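Trainee: One predicted model, sequence on top.
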Amino acid sequence: METMFLARLAEAERVKAFVDKACSAWGVTRASGYKLHLIVEELFTNTVKHGHRGDCNAPVWISMRCHDDHFDLTFTDHAPPFNPVAHASSLNAESGASKHQVGGLGVLLICELARTAQYAYVFGRNSIRLTVPR
């Protein structure tokens, strides 16, 4: 499943509905669905608030595929380059919690929930690819 959203916080309900629809179609457990929601919501909110510094009409693409033991999730946006995978690897949970404000560790959480995380900035787009255990 794949769709495009505008980089606006008002789109968060549509993003949630997109994840709900995918989870329902795939017969995903509540725990797996919660994990996908958490990851997608964090990526989307960070893109709007920090990447674009507020609502705008820039596109955000979310693509999800379901496999027997994992999900493939790709999140693509036109915000300025930011590699959350490198950022997360520079933190560790203990030092990160003491050095960062509350809510500032979402990227670390995303990478901890994923089996693999890859980042690329190509043709003016951030692309984050995650493999998330089911």
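Mentor: Here it is on my side, so go on. Numbers count the residues shown, from 1 in each chain.
Trainee: top helix in the protein by residue count?
Mentor: Counting residues, the longest helix found in the chain (DSSP state H) is helix 30-46.
Trainee: and the residue lying closest to residue 32 once chain neighbours are set aside, how many neighbours?
Mentor: Excluding its sequence neighbours, the residue lying closest to residue 32 (Cβ to Cβ, 6 or more residues apart in numbering) is residue 134, at 5.2 Å. C-betas here are computed from N, CA, C, even on glycine. A count of nearby residues for residue 134, using other Cβ atoms under 10 Å, gives 15.
Trainee: Enumerate every residue touching residue 134.
Mentor: 28, 29, 32, 66, 67, 68, 69, 70, 71 (Cβ atoms under 8 Å, 6 or more residues apart in numbering).
Trainee: Quick one: mean pLDDT for the longest helix of the chain?
Mentor: Averaged across helix 30-46, pLDDT comes to 96.
Trainee: Listing partners with orientation, what would you give for the next helix or strand after it?
Mentor: Per DSSP states H and E, the first helix or strand lying C-terminal to helix 30-46 is strand 59-66. Strand 59-66 has its sheet partners listed here by DSSP bridges as strand 2-6 (antiparallel), strand 70-77 (antiparallel).
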